[in-house]
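> What follows is a predicted structure for the sequence shown.
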Amino acid sequence: MDKEVEEKMIRVCQSLIEMLEFSFQAFRKYTEESLKEVEKVANEVRKNSSELKSILISRSSSNERRREWAKPYLSMASSFDRMTFNIEGIMDRLKSKVQNRVLFSDHAVKEINDIFQEAMDILENLPDLIFTQDKLLAKRIGEKGRSVFKIANGYSEEHEERLIQGVCMPKSSPIYLGILECLKGVIGHTLEVSGKIASLSSKF
């Protein structure tokens, strides 16, 4: 992997990890400061992602072979942008939760807490994967990600059951499910990047 591209991708990942950490803190205790921190890091992610795309485009404009080389990296840059969008989606829902004084059941809090931690664990492996291009690490990320998807889907089904039983309030449902979907989005795009890196490493 091109060294400059590698360094820029790792920088984007580190900013995304920081962004997700701040959103996790906001879930546990929402403040206006936590919202500002996420917005600040989101701007950093966009800046680094934009620079990454500029590097890739500038290096791929000369011929068809270079354009083919750039495609998977541009796809990964797009995944980084969508991770940012998903984390901002979490913050939008947390803001709505606070403004509308929506409370989650203890079950819902624990479930979202669990998926947050799993998403963080998965995302934190990405800089190492970019650096090492270790296919075994990519495989572990993929296996864990798919496992967490199953858990998150199970939580969604359990939530619907609690809703029927009256344990969860109807107005909390779209916020709870929205946060889960955003976390699944972060994990899904992490797996896309991981899969692309594994695919590229197998070509060398």
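Happy to help now that I have it. Everything numeric in this text was worked out from a predicted model, so none of it was measured.

> top helix in the protein by residue count?
Longest among the helix segments of the chain by residue count, using DSSP state H, is helix 64-99.

> what about that helix, average pLDDT?
Over the span of helix 64-99, the pLDDT mean works out to 90.

> cool, and stretch 41-52?
For stretch 41-52, the per-residue pLDDT averages 89.

> outside of it, which residues touch it?
If you take Cβ atoms under 8 Å, 6 or more residues apart in numbering as the criterion, stretch 41-52 is touched by 5, 8-9, 11-12, 15-16, 18-19, 22, 73, 77, 80-81, 84, 87-88. The way it works is simple: take the backbone N, C-alpha and C, and place the C-beta from them, glycine included.

> Report how many residues lie close to the nearest residue to Glu192 once chain neighbours are set aside.
Leaving aside its chain neighbours, Glu192 sits nearest to Ser79 (4.9 Å; criterion: Cβ to Cβ, 6 or more residues apart in numbering). Residues within reach of Ser79, counting by other Cβ atoms under 10 Å, total 22.

> Look up how far Leu126 lies from Ser79.
Noted for Ser79: a distance of 10 Å to Leu126, by Cβ to Cβ, to the nearest Å.

> Same question for Cys182.
Counting by Cβ to Cβ, the gap from Cys182 to Leu126 is 17 Å.

> For these two, indicate the residue with more neighbours.
Set side by side, Cys182 and Leu126 give different neighbour counts by other Cβ under 10 Å, the larger being at Leu126 (27 against 23).

> so who does the more buried one touch?
With contacts defined as Cβ under 8 Å, 6+ apart, the neighbours of Leu126 are Cys13, Ile17, Ile141, Thr190, Val193, Ser194.

> Report the contact partners of the nearest residue to Ser96 once chain neighbours are set aside.
Of all residues not flanking Ser96 in the chain, Ile175 sits nearest, at 6.0 Å (Cβ to Cβ, 6+ apart). Contacts for Ile175 (Cβ under 8 Å, 6+ apart) come out as Arg93, Ser96, Lys97, Val102.

> who are the neighbours in contact with the third one?
Each residue near Lys97 by Cβ under 8 Å, 6+ apart is listed here: Tyr30, Phe104, Ser172, Ile175.

> what's the next secondary structure element after the longest helix of the chain?
helix 106-124 (DSSP states H and E).

> what angle do that next one and helix 64-99 make?
Computed with axes from the mean of the first three to the mean of the last three Cα atoms, to 10 degrees, the direction of helix 106-124 lies at 160 degrees from that of helix 64-99.
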